[in-house]
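In: sequence unknown, structure follows:
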């Protein structure tokens, strides 16, 4: 078990380092291309570009990811949908169609009239 984790770690670390390098060089290249022309800024180094990436993560809180991304709102919508009456669901569908177009509406609820 430990051997498998170690091998997996040996695969993940180089990929992570390569991703950090790519993002660092991308930020550096974009900054050095745009900043001097747009606001008379000066060129930055690779390490300064990595610092900008870290600072943007701290200040903006971006780069969210992982398998649970976006599941919280979906679970809340499903819980609300289950608590709606058939009339509320139909009203929701009509409002959804007006906002998002008829092709993007949720499917109609199954009919329970025959039971």
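Out: Okay, I see it. Treat the numbers as computed from the prediction; the structure is a model and nothing was measured.

In: The nearest residue to residue 43 once chain neighbours are set aside sits in which helix or strand?
Out: Nearest residue to residue 43 in three dimensions, chain neighbours excluded: residue 32, at 4.5 Å (Cβ to Cβ, 6 or more residues apart in numbering). C-beta: built from backbone N, CA, C; applies to glycine. Element membership for residue 32 (DSSP states H and E) is helix 2-39.

In: which helices and strands does that helix pack with?
Out: Applying 3 or more Cβ pairs under 8 Å, 6 or more residues apart in numbering; DSSP states H and E, one finds that helix 2-39 contacts helix 46-60.

In: and the helix it packs on, which residues are buried?
Out: Using 16 or more other Cβ atoms under 10 Å as the test for burial, helix 46-60 gives 49, 50, 53.

In: which residues sit in contact with the last one?
Out: For residue 53, the set of contacting residues under the criterion of Cβ atoms under 8 Å, 6 or more residues apart in numbering consists of 23, 24, 27.

In: Kindly report the same for the first one.
Out: Each residue near residue 49 by Cβ under 8 Å, 6+ apart is listed here: 24, 25, 27, 28, 31.

In: hmm, try it at 7 Å
Out: 24, 27, 28, 31 (Cβ atoms under 7 Å, 6 or more residues apart in numbering).

In: quick one: which of those is nearest to residue 89?
Out: residue 27 (46.8 Å; Cβ to Cβ).

In: Can you pull the poorly scored residue ranges out of the chain?
Out: Scanning the chain for pLDDT under 70 picks out the ranges 1, 62-71, 101-115.

In: Might one say that the residue nearest to residue 43 is in contact with residue 45?
Out: No. In this structure, residue 32 is not within contact of residue 45 by Cβ atoms under 7 Å, at 9.5 Å.
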